[in-house]
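In: dropping the sequence and predicted coords here.
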Amino acid sequence: MLIELKNVNKTYNNGQPLHVLKGINLGIDKGEFVSIMGASGSGKSTLLNILGILDNYDMGEYYIDGRLIKGLTERQAADYRNHMIGFIFQSFNLIGFKTAVENVELPLFYQGVPRAKRHQMAMEYLDRLGLADWAQHYPNEMSGGQKQRVAIARALITNPKIILADEPTGALDSKTSEEVMQLLGKLNREEGVTIIVVTHESGVANCTDKIVHIKDGIIGEIEDNREHRASVFGTSTIMK
Amino acid sequence: MRDVLTEIWESIRRNKLRTALTGFAVSWGIFMLIVLLGAGNGLMNAFMTGSEGLATNVMQVGGGRTSKPYDGLKEGRWIDLDERDVQLTGSEVFADHIDQVISSVSTSATVSYGKKHFSGSIEGNFPARQQMDKIEILYGRFLNEKDIQESRKVVVLPEDRAETLLGNEIRDSGARMGTARNTSKSLGISSGKEVHVQDLLGKYIRIGDFSFRVVGIAKANEESNSNTVYAPYTTIRTIYGKGRVVDDITFTFHGLNSQAESDAFEDQFRATMNVRHRAAPDDRRALWIWNRFSQDLQMNRGRNILTTALWILGLLTLLGGIVGVSNIMLITVKERTHEFGIRKAIGASPWDIMKLILAESVTITAFFGYVGMLLGMFACTILDKTVGQSSMSIMDEEIAMFVNPTVGLDVAIEATLVLIIAGSLAGLFPARKASRVRPIEALRAE
């Protein structure tokens, strides 16, 4: 198991205590293409934050590649994020005053990779995603799809164990969404990248091989979707 | 390093006006600091010009007038020093501290060479005087032991007196404030062919009724011994029949390292001498004692106090600029919270973020501070060229208001350190704030 969650609990204590995750048990193997699906308020974003070591949890255990992720200092967490996890965000989260290639370079900068080396690597990745011509452009000069591809290149460049995608198509039109999901699928099939997509769109979830339904902080059904024939609304869930 | 600079440049470029305005406050602060210190130095240098050329382990004693009745004698009695005092000073009694003792006698006379002449004081003196008063010989030599033993009729002339004898206008002899005087004098005097003072060496001049050979030309000291003509002690004593009376006793000492030790020795010395002249041991007016060591200590203390006060004033001015930088950095941090969230998500540690803010703060402070420092030094140079050249005339004496009102390399280095520390301090709180925001909260911020 690459990722293993054992009875993970999380409660927010903002005035009224809010028990968001109520004992999550989940295992994800290397090379899987999984989606976590649920309505807003189901706890899927919280789960993603915990998976991405952006947030901590109260109870239970979380292992990445056999390593327990618990009680880390900010520095350790940053280091693990840097080496093991690649993020793709709904709103791309590119740094506006840096060019595409500079954005892609950034994770390597924090790994201490020399300037020339990281520039060369970033250009390679941009080229693979068909953005070599856009390397010197700033994010606000690019379309949504292009921005998301830059973000994907940035997520891939450190060769992480997991790619976490938080609503990767949320800000894109349906055609671009389709392209982005196909790109992720291709990366998964051809390069064996483990990808976890968090979404509330059943169409997006349908592109993945396994759909994990989460509802009210508990994992519900885990659907095998290798045939990509999941019902449009998902099973046993209300339409979003 | 280059990466850090690139990051800083990117950030500053986006906020040019804001950065420039804040930077101005820092520049202004350090500018004031440098100008204040420069002016302070100028003031102190003006005070010190008289004494800086003198050896500090020297005391000079002269006769005075008693202020207390003692031993059956009334106050107000004049006391003259004589050669027995010289012997006592150099005796076993003070051997612990006193090294070398000399004395001098002086007389007034008319000095002439050809048609030119002047009246002034002729001082009979010893070779050791040169060391004690740091008399600088421009040409020839000072008095020597042979002159004393053989009571030779030789003199050492100060440069300006020599010029007078040659009928030359006074040339710039390195004396800064001479400039103003030169112009005024050269207007009136039209000397034909100028003869160089060097040519006076070996020539005979008349002092009173006697011929003296010129053996040396001394650099004129603006303050203390400006116009003294030096001749051998024995010669003057013999010719002018001064008997045993001497004008002053001057001695070097050692082993007095603090104000307290110096004062104690001074009191002991005063008591011993006073009693010999039948004056009250604690009568401070019976003898006149000039302790250059304690004077030097006091001057230094005064200088330190002034410098400290100016530093405090300057730093307080700078503080305004620093607060400005801190403020700007806080705004920057607030604006960039989302960006920091992204950076943290992809692997920036808290220290990476802190470094970014600190480096920016130090760079802004150091750069603008440096500009301010250069402008300040430039202002000091202008001050030197204008106010530093002028002088005031008080009781026929030229007094410079400012002498060399500039700051040295040490101040420049100190100011640079201050800037770096100040920049770090200004960035510290904003940087801590930035580094402590949790990544999910930062990502949510807009």
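Out: Sure, I can see it. Numbering: from 1, shown residues only, chains lettered A, B, ... in the order given.
In: interface residues of chain A facing chain B?
Out: Applying C-beta under 8 Å from any C-beta of the partner chain, one finds that chain A approaches chain B through A:49, A:52, A:54-55, A:74-75, A:78-79, A:81-83, A:87, A:89, A:93-98, A:106-107, A:109-111, A:115, A:154, A:158. Every C-beta, even on glycine, is put in place using the N, C-alpha and C of the backbone.
In: now those residues: which count as buried?
Out: For those, a burial check counting by 16 or more other C-beta atoms under 10 Å in any protein chain shown picks out A:49, A:52, A:54-55, A:74, A:78-79, A:81-82, A:87, A:89, A:93-95, A:97-98, A:106-107, A:109-110, A:154, A:158.
In: in the stretch 151-300 of chain B, which spans are helices?
Out: Counting by DSSP state H, counting those that start in this stretch, one finds helices in the stretch 151-300 of chain B at the ranges B:159-166, B:178-188, B:233-240, B:259-276, B:292-335.
In: deepest-packed of those, please.
Out: Among the helices of the stretch 151-300 of chain B, ranked by average contacts under mean count of other C-beta atoms under 10 Å in any protein chain shown, first place goes to helix B:159-166 (a mean of 22).
In: list the helices and strands the longest helix belonging to chain A packs on?
Out: Secondary structure assigned by DSSP state H gives helix A:174-191 as the longest helix of chain A. With contacts taken as 3 or more C-beta pairs under 8 Å, 6 or more residues apart in numbering or on different chains; DSSP states H and E, helix A:174-191 sits against strand A:33-37, helix A:144-156, strand A:162-166, strand A:194-199, helix A:202-206.
In: in chain A, which residue sits closest to chain B?
Out: Distances between chain A and chain B by C-beta to the nearest C-beta are smallest at residue A:82, namely 2.5 Å.
In: that residue and residue A:75: what is the separation?
Out: Residue A:82 sits 10 Å away from residue A:75, going by C-beta to C-beta, to the nearest Å.
In: just to check, residue B:234 is in contact with residue B:148?
Out: Yes. At 5.3 Å, residue B:234 counts as touching residue B:148 under the criterion of C-beta atoms under 8 Å.
In: tell me where the model's unsure across chain B.
Out: Along chain B, the parts satisfying pLDDT under 70 run over B:49-54, B:168-194, B:221-226, B:391-401.
In: give me the domain ranges for it.
Out: B:2-52+B:296-444, B:58-292 (automatic domain parsing).
In: and those: which comes nearest residue A:16?
Out: domain B:2-52+B:296-444 (19.1 Å; C-beta to C-beta).
In: what distance separates the start and the end of that closest one?
Out: End-to-end distance of domain B:2-52+B:296-444 (C-alpha to C-alpha, to the nearest Å): 30 Å.
In: flag every buried residue along stretch A:138-145.
Out: Those would be A:138, A:139, A:142, A:144, A:145, for stretch A:138-145 by 16+ other C-beta under 10 Å.
In: SS state for the residue of the stretch 301-446 of chain B found nearest chain A?
Out: Using C-beta to the nearest C-beta, the closest approach of the stretch 301-446 of chain B to chain A is made by residue B:347 at 2.5 Å. Put simply, residue B:347 is coil when judged by DSSP: H, G, I helix; E, B strand; the rest coil.
In: do you know how far residue B:133 is from residue B:126?
Out: 11 Å.
In: cool, and residue A:31?
Out: Distance, residue A:31 to residue B:126, by C-beta to C-beta: 103 Å.
In: show me which of these two is the more surrounded one.
Out: Each of residue A:31 and residue B:126 has its neighbours counted (other C-beta atoms under 10 Å in any protein chain shown); residue B:126 has more, 23 against 14.
In: would you say residue B:112 is within a helix?
Out: No. According to three-state DSSP, the state of residue B:112 is strand, so it is not within a helix.
In: burial count for it?
Out: Applying other C-beta under 10 Å, we find 15 residues neighbouring residue B:112.
In: now do residue A:43
Out: Neighbours around residue A:43, by other C-beta under 10 Å: 25.
In: leaving out chain neighbours, which residue sits closest to residue B:303?
Out: Spatial nearest neighbour of residue B:303, chain neighbours left out: residue B:44 (5.0 Å); criterion: C-beta to C-beta, 6 or more residues apart in numbering or on different chains.
In: residue A:46 too?
Out: Per C-beta to C-beta, 6+ apart, closest to residue A:46 is residue A:20, 4.8 Å.
In: okay, now the sheet partners of the host helix or strand of that neighbour, with direction.
Out: Following DSSP states H and E, one finds residue A:20 within strand A:16-28. According to DSSP bridges, strand A:16-28 has the following sheet partners: strand A:3-14 (antiparallel).
In: gap between the residue of the stretch 151-300 of chain B found nearest chain A and residue B:47?
Out: Sorted by distance to chain A under C-beta to the nearest C-beta, the residues of the stretch 151-300 of chain B start with residue B:300, at 51.0 Å. Residue B:300 sits at a distance of 11 Å from residue B:47 (criterion: C-beta to C-beta).
In: now what about stretch B:358-365, what contacts it?
Out: With contact meaning C-beta atoms under 8 Å, 6 or more residues apart in numbering or on different chains, stretch B:358-365 is reached by B:4-5, B:7-8, B:11-12, B:19, B:22-23, B:26, B:321-322, B:325-326, B:328-329, B:332, B:419-420, B:422-424, B:426-428, B:430-431.
In: list only buried entries from those.
Out: Neighbour counting by 16+ other C-beta under 10 Å classes B:7-8, B:11-12, B:19, B:22-23, B:26, B:321-322, B:325-326, B:328-329, B:332, B:419, B:422-423, B:426-428, B:430-431 among those as buried.
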